[in-house]
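# sharing a model that was predicted from the sequence below.
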Amino acid sequence: MQQRSSTVQEPLAETAHRPTPPPAWRPRTDPAPLLPDTEPLRVLGTDAVADADPALLRRLYAELVRGRRYNAQATALTKQGRLAVYPSTTGQEASEIGAALALEERDWLFPSYRDTLAAVARGLDPVQALTLLRGDWHTGYDPREHRIAPLCTPLATQLPHAVGLAHAARLKGDDVVALAMVGDGGTSEGDFHEALNFAAVWQAPVVFFVQNNGFAISVPLAKQTAAPSLAHKAVGYGMPGRLVDGNDVVAVHQVLTEAVTRARRGGGPTLVEAITYRIDAHTNADDATRYRADGEVETWRAHDPVLLLERELTARGLLDEEGRRAAAEAAETMAAELRERMNADPVLDPMDLFTHVYAEQTAQLREQAAQLRAELEAEGESR
Amino acid sequence: MQQRSSTVQEPLAETAHRPTPPPAWRPRTDPAPLLPDTEPLRVLGTDAVADADPALLRRLYAELVRGRRYNAQATALTKQGRLAVYPSTTGQEASEIGAALALEERDWLFPSYRDTLAAVARGLDPVQALTLLRGDWHTGYDPREHRIAPLCTPLATQLPHAVGLAHAARLKGDDVVALAMVGDGGTSEGDFHEALNFAAVWQAPVVFFVQNNGFAISVPLAKQTAAPSLAHKAVGYGMPGRLVDGNDVVAVHQVLTEAVTRARRGGGPTLVEAITYRIDAHTNADDATRYRADGEVETWRAHDPVLLLERELTARGLLDEEGRRAAAEAAETMAAELRERMNADPVLDPMDLFTHVYAEQTAQLREQAAQLRAELEAEGESR
Amino acid sequence: MTTATTGAAAARAAGRAKPATMAQALQRAMRDAMAEDPTVHVMGEDVGTLGGVFRVTDGLAKEFGEDRCTDTPLAEAGILGAAVGMAMYGLRPVVEMQFDAFAYPAFEQLVSHVAKMRNRTRGAMPMPMVIRVPYGGGIGGVEHHSDSSEIYYMATPGLHVVTPATVEDAYGLLRAAIASDDPVVFLEPKRLYWSKSDWSPEAPARVEPLGRAVVRRPGTSATLLTYGPSLPVCLEAAEAATAEGWDLEVVDLRSLVPFDDETVAASVRRTGRAVVVHESGGFAGPGAEIAARVSERCFHHLEAPVLRVAGFDLPYPPPMLERHHLPGVDRVLDAVARLQWEAGN
Amino acid sequence: MTTATTGAAAARAAGRAKPATMAQALQRAMRDAMAEDPTVHVMGEDVGTLGGVFRVTDGLAKEFGEDRCTDTPLAEAGILGAAVGMAMYGLRPVVEMQFDAFAYPAFEQLVSHVAKMRNRTRGAMPMPMVIRVPYGGGIGGVEHHSDSSEIYYMATPGLHVVTPATVEDAYGLLRAAIASDDPVVFLEPKRLYWSKSDWSPEAPARVEPLGRAVVRRPGTSATLLTYGPSLPVCLEAAEAATAEGWDLEVVDLRSLVPFDDETVAASVRRTGRAVVVHESGGFAGPGAEIAARVSERCFHHLEAPVLRVAGFDLPYPPPMLERHHLPGVDRVLDAVARLQWEAGN
Ligand SMILES: Cc1ncc(C[n+]2csc(CCOP(=O)(O)OP(=O)(O)O)c2C)c(N)n1
Ligand SMILES: Cc1ncc(C[n+]2csc(CCOP(=O)(O)OP(=O)(O)O)c2C)c(N)n1
Ligand SMILES: [Mg+2]
Ligand SMILES: [Mg+2]
């Protein structure tokens, strides 16, 4: 009888049992070093600024001013009908730029749909960066040339791509790091979870950078998560979580540089949460007054990333009126050029629709292309 | 010029800046109480057993013995072709039973495909519980009658159902708790993440119970996660994580009873990880020797859940030869009855295929049903 | 769009009429359903405080509270999965997926649970639930915002698939969908959200039965079979076709599942020619099923093969090129011209 | 199954032949591809140490190491998403989805990224990748283990959809799929995994071109259009049909996307009658597209409507009832009988 064997028939030794842990269980990674600090890291306003390279600080300042201007210009372009839509990063420039500049040239950036500024800060031509949002094509640049993945609209879906790419690079022996950007809302998606887990299991050289800007369109963080912080999610994957003031560009740059370096050296992935704020509406099409009070925005203006750095540099004698003007002028030049180039209608060939669906055009698409060509010709004639 | 307004023109007050945390940021939930203990909870073999109700201990023992026998019988039925497949919980009986018995009658159980034993321990007719695996229908019972959701094969997909149900119950003012069961492998799925997050945000009365049995088919835990423990994932959602010896039925029952009570009182969700081991292969169709050493299994046999409880009860004078025999006999009666009932061919009506696709049969399905009926009649005639 | 209904006409006569948009009609349908039935719950991303990115749920959270109209975390599988659980407990969730392509993360929940739950429990556990999906293009949306995903739902037994093309139907069909004891994928043509009609939110409103197509324009030469965003295109084409001497019948399918063979076959048998028109890609698209079943059922009445006018078989184009992709009046007329007029009657 | 190929015949002649199963042929295809091309990486649940639940990847991890044949965590979207990233970096991932229904969690990655990446980057970022999906029923699997999900993939532009029906093709088509610069959804008919043929793993093996249907049995009375698990059924039906005086042609489509109109239309124009046979549900199933395009292209050659023999339009039945659902020889013959023989030639 089968069940007999599963019960114990022998008399019990008195000393036989003590609470032993189950055999499979052993204390694994110590969770303590994975937990984020209790306060977001700040560098600006602390003595640590003194250790920063003044050239870097000036570069960051110039980029911040340029980024702020870029946001304003792109928003203006939506009003002129030159962009279909623009999700602004006004107020988030420190995060966008601090992150982008933490990468080496061989590293990859995986931006979300909001992160054109990070791409531009990496050196991508703003017109190419804005192609998606202008609407003449989906991706306006060669991702391999720039090592910038296509701007990703379905939230968090680019995170597993970053993991896969980083993993592939490591398998090939390249010391390439992938930086994947996502919003606070995006952390709720299953793809976020799966990506972080894969990264930790594979010890892939990838850094996940969450810009917690307080909202996912209209939904505030409190309706998005009950976690102590988003950075606390890291411990559940066995990777370190870091919390940083996303408006302190020096702190962002420092935390990400550390994480990138760690990843490059084989130390595995990191999750960084930057606390920041979306000053503008979700996009130009959104009306933020429907879901948040002006007062909240004002509080954050006082914590403006450009302002924080400008004060610090000025106080430390690293920036004067002249420097400010130079940065502003450079930004204005960029904006004028962008405006001018975006005011030209892009030259489009509708036949492109059929060119890249497959490596080789199928007979079916050839037929459909011929149909459109005939229609266009007829249209041309009738004009 | 737009960018001017974004830089600061006024001279800087000397005292103006100190590192202030960003306005949105405030210390949220204290993570400390959310973190699991560093060792899985044990009750058996500790003084805490003395606090346990002897009647409960005897009941748990009887259920464990019955559960062990149920697993053996169901496995035997696969060999006789009476079950299409059986994923055994031999070795995991303490987790299955400790969990099921922690629920009140009005509570809901959300089992995975492996958890027929938990359903049976809740009182479900074993034949009904095994319908899916016998193959005569998908779900063999009325989920509402038994408050047991259909056994769920797509991993982790039942977890959001548990959250939704618990949330709905709470909205209706019912003090109902949902217990959702999942394996270690299932924790990697996006649905796990989304479910836990929803539960925490909604403070839904749901308990997530992970049976970490060391494997997802052939994949060992180390390839599944790098987390300190699966229970550590809880902190990332802002819910408590608990770690328990899944082979210690008293500990499992206790931890789950606490979590269920907490949920019922409005305290929100809990994630419990039980450390256990799958003694049998993944299913009868699997060959576990391809991916694990026999020695590992032997180590775990020494930590057998039935054995642990039996020793404890015997040592404490709560179980004697007579009690053991009574439990074994009750189990054998259950097994004999199950065997007999499963040996009868189920009476099937192929026309059922068309009955429940929609509330009202569509014209199209009526046509198709008529076709099958005609075929069956022709078949009948030709015999 | 210029269809008239008696309800609206009556309301206009009563001096109460104010033109309403499709978005408003949808909102009103949810509002009325929520007021009548406390088990109706609206949920999704931004549906509460904001009232949805298309404002279709505007005001519901305010009127019924956040427990009845809930801003969820940003996770579509989680939303639909939670809705499954809510339906298990007796609620009637009305879920909004923000855009067509953002419903894909919930695909597994939809196919493996929503569609199958009633069947796998032998009817014990029905899934009364509406999944509202704004779909289709023509609004200048960037990639992933303009997909026509109806075939994925049509091919999944257990789901109803419904799509309104008029303001009146938006109300009537959504009410019926919410009242249905089966899950309904309710496809809202986003470029018609702002289409107006004399239908008034104040007018007495009509619940439309599910599963019925409707002849929007009677005709004798050929039948245009269409739905949702392509209905206005077909009506315009039918008007233009009169100049060529064609009197086209236009059928608005409204319900893709179940399919109203009766209305469709009756029309095609009468006219002897048919063109299916939709925005979705043609290959393995909705028109494939429609053309195949019309050919099966009306074979000996057909003077010409059933033709399909559809989007091209490619990922939805970027905003500046979408007009080349979308089937317009000319493409419909070209297809009508190819119906082998020389051959028959 | 009784198809013969020259390769196998040659091998048999050379005395090297040992019958092989389809599972072995697939394994050999991956093995050969991995040996030739270091960028080919196999990944999925249980594909490494275990060699897959169907043993299709048996031995690959041992031979090529775990970095080339990797047991992933249990998360299909993560697997496919990671594969996208790997392809971005120049690798050629061959992903296994354990069963048809368990590919659904990866649907969003497939539709929004795998299928679109080449197009959205104007060709800069191709996605050379194979997604192997064991599909279909007939193996006594419990729910979610027997879906025929091909229509979901067919309806998604940017993907190739390929399915072998013979052991030889399993090898030849999988090699071609791995070599393709486009993503290929490779549907493996699970009930044919253990089908055997004279094809030998030792024989010189042939890479089949993608996109070509093949006539498996020439005939004159009518054409059976089929693929994958239904090919053996059709061949058997064709044999049985000779007793009724019908000489049926059987076309194995092999590639559902792109579709080989040439071979198919040539056959149907010749025979004048066609039946599409597949396991998938009929409504909005693959046969809808096939019937619709055959009707369009061969209208004036058709003596009867193109008929469809398919699974019923319901969730896949439990094991004990699946035989009632699966199209068998009788159902094929019934359809052939309905091809209006009285009417024409
Ligand atoms: C999968 C998916 N679901 C829904 C959307 C629609 N959507 C676009 S942006 C957005 C909010 C994103 O919030 P967050 O992740 O915090 O990023 P942020 O916009 O704040 O940068 C939503 C819901 C989407 N793009 N993808
Ligand atoms: C979504 C999904 N993917 C894959 C499978 C196939 N599968 C069935 S069981 C299993 C392993 C499950 O492991 P775990 O979650 O640890 O549960 P256990 O079997 O150990 O109880 C897999 C991969 C599935 N059922 N569902
Ligand atoms: Mg945000
Ligand atoms: Mg397990």
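Nice, I can see it. Numbering: from 1, shown residues only, chains lettered A, B, ... in the order given. Ligands and ions are numbered 1, 2, ... in the order given.

# kindly report the residues of chain C close to ligand 1.
Within reach of ligand 1 by Cβ under 6 Å from any ligand atom, chain C has these residues: C:Glu45, C:Leu74, C:Gln98, C:Phe102, C:Pro105. C-betas here are computed from N, CA, C, even on glycine.

# cool, the stretch 1-150 of chain A as well?
Proximity of the stretch 1-150 of chain A to ligand 1 (Cβ under 6 Å from any ligand atom) is limited to residues A:Arg114.

# quick check: the closest residue to ligand 2 within the stretch 151-300 of chain C vs ligand 4, distance?
Residue nearest to ligand 2 within the stretch 151-300 of chain C: C:Thr156 (17.0 Å; Cβ to the nearest ligand atom). Per Cβ to the ion, to the nearest Å, C:Thr156 is found 30 Å from ligand 4.

# pretty sure that residue sits in a helix.
No: using DSSP: H, G, I helix; E, B strand; the rest coil, the assignment for C:Thr156 is coil, not a helix.

# low-confidence ranges in the chain?
Looking at chain A here, since you left the chain open. Within chain A, the stretches with pLDDT under 70 are A:1-19, A:21, A:24-29, A:382-383.

# sorry, should have said chain C
C:1-18, C:202-204, C:343-345.

# hmm, 90 instead?
When residues are selected by pLDDT under 90, those of chain C lie in C:1-19, C:196-208, C:342-345.

# and the helices in it?
C:6-13, C:22-36, C:60-64, C:76-88, C:107-109, C:117-120, C:150-154, C:167-179, C:231-241, C:261-271, C:286-298, C:322-325, C:329-337 (DSSP state H).

# work out which residue lies at the spatial centre of chain C.
For chain C, C:Thr163 is the residue whose C-alpha lies nearest the centre (Cα atoms, centre = their mean; 1.3 Å).

# give me the domain ranges for chain C.
Split into domains by automatic domain parsing, chain C comes to C:4-197, C:214-337.

# of all of chain A, which residue lies closest to chain C?
Among the residues of chain A, A:Gly135 lies closest to chain C, at 3.2 Å counting by Cβ to the nearest Cβ.

# list the contacts for the closest residue to that residue other than its chain neighbours?
Using Cβ to Cβ, 6 or more residues apart in numbering or on different chains and skipping residues adjacent in sequence, the residue nearest A:Gly135 is C:Pro319, 3.2 Å away. C:Pro319 is in contact with A:Ala84, A:Gly135, C:Gly140, C:Gly141, C:Val142, counting by Cβ atoms under 8 Å, 6 or more residues apart in numbering or on different chains.

# what do you get if the cut-off is 6 Å, keeping everything else the same?
Listed by Cβ atoms under 6 Å, 6 or more residues apart in numbering or on different chains, the contact set of C:Pro319 reads A:Ala84, A:Gly135, C:Gly140.

# what's around the residue lying closest to the first one once chain neighbours are set aside, how many residues?
Pointing back at A:Ala84 there. Spatially, and ignoring its direct neighbours in sequence, A:Ala84 is nearest to A:Gly135 (4.2 Å; Cβ to Cβ, 6+ apart). For A:Gly135, the neighbour count with other Cβ atoms under 10 Å in any protein chain shown is 24.

# just checking, A:Gly135 touches C:Met320?
Yes: proximity of A:Gly135 to C:Met320 meets the contact threshold set by Cβ atoms under 6 Å, at 4.8 Å.

# from ligand 1, how far out is the closest residue to chain B within the stretch 101-250 of chain C?
At 3.5 Å from chain B, C:Arg120 is the closest residue in the stretch 101-250 of chain C, using Cβ to the nearest Cβ. Taking Cβ to the nearest ligand atom, to the nearest Å as the measure, C:Arg120 falls 28 Å from ligand 1.

# that residue: how many residues sit nearby?
By other Cβ under 10 Å, the residues close to C:Arg120 number 25.

# for the residue lying closest to it once chain neighbours are set aside, give me its contacts.
Closest residue in space to C:Arg120, ignoring its immediate chain neighbours: B:His138 at 3.5 Å, by Cβ to Cβ, 6+ apart. Shown in contact with B:His138 (Cβ under 6 Å, 6+ apart): B:Leu132, C:Arg120, D:Glu143, D:Pro318.

# recalculate using a threshold of 7 Å.
B:Leu132, B:Pro150, C:Arg120, D:Glu143, D:Pro318 (Cβ atoms under 7 Å, 6 or more residues apart in numbering or on different chains).

# ok, now C:Pro327?
C:Ser230, C:Val233, C:Val277, C:Glu279, C:Val309, C:Ala310, C:Gly311.

# re earlier: hmm, B:Asp142 and the residue of the stretch 101-250 of chain C closest to chain B touching each other?
No: between C:Arg120 and B:Asp142 there is no contact, the gap being 11.9 Å when judged by Cβ atoms under 7 Å.

# okay, now residue 246: neighbour count?
In the absence of a named chain, chain A is used. 33.

# hm, I was asking about chain C
Neighbours around C:Trp246, by other Cβ under 10 Å: 20.

# could you find the closest non-adjacent residue to it?
Distances taken as Cβ to Cβ, 6+ apart put C:Ser221 closest to C:Trp246, at 4.3 Å, once the chain neighbours are dropped.

# which residues does that neighbour contact?
C:Ser221 touches C:Trp246, C:Asp247, C:Leu248, C:Thr271, C:Arg273, counting by Cβ under 7 Å, 6+ apart.

# which of the residues you listed sits closest to chain D?
C:Arg273 (11.7 Å).

# give me the distance between that closest one and C:Glu279.
Distance, C:Arg273 to C:Glu279, using Cβ to Cβ, to the nearest Å: 22 Å.

# what about the two, which has more around it?
Set C:Arg273 next to C:Glu279 and count neighbours by other Cβ under 10 Å: C:Glu279 wins out with 30 against 27.

# quick check: the more buried one touching C:Leu326?
Yes: between C:Glu279 and C:Leu326 there is a contact under Cβ under 7 Å: 6.0 Å.

# shared neighbours, these two?
Common neighbours of C:Glu279 and C:Leu326 are listed as C:Gly137, C:Gly311 (criterion: Cβ under 7 Å, 6+ apart).
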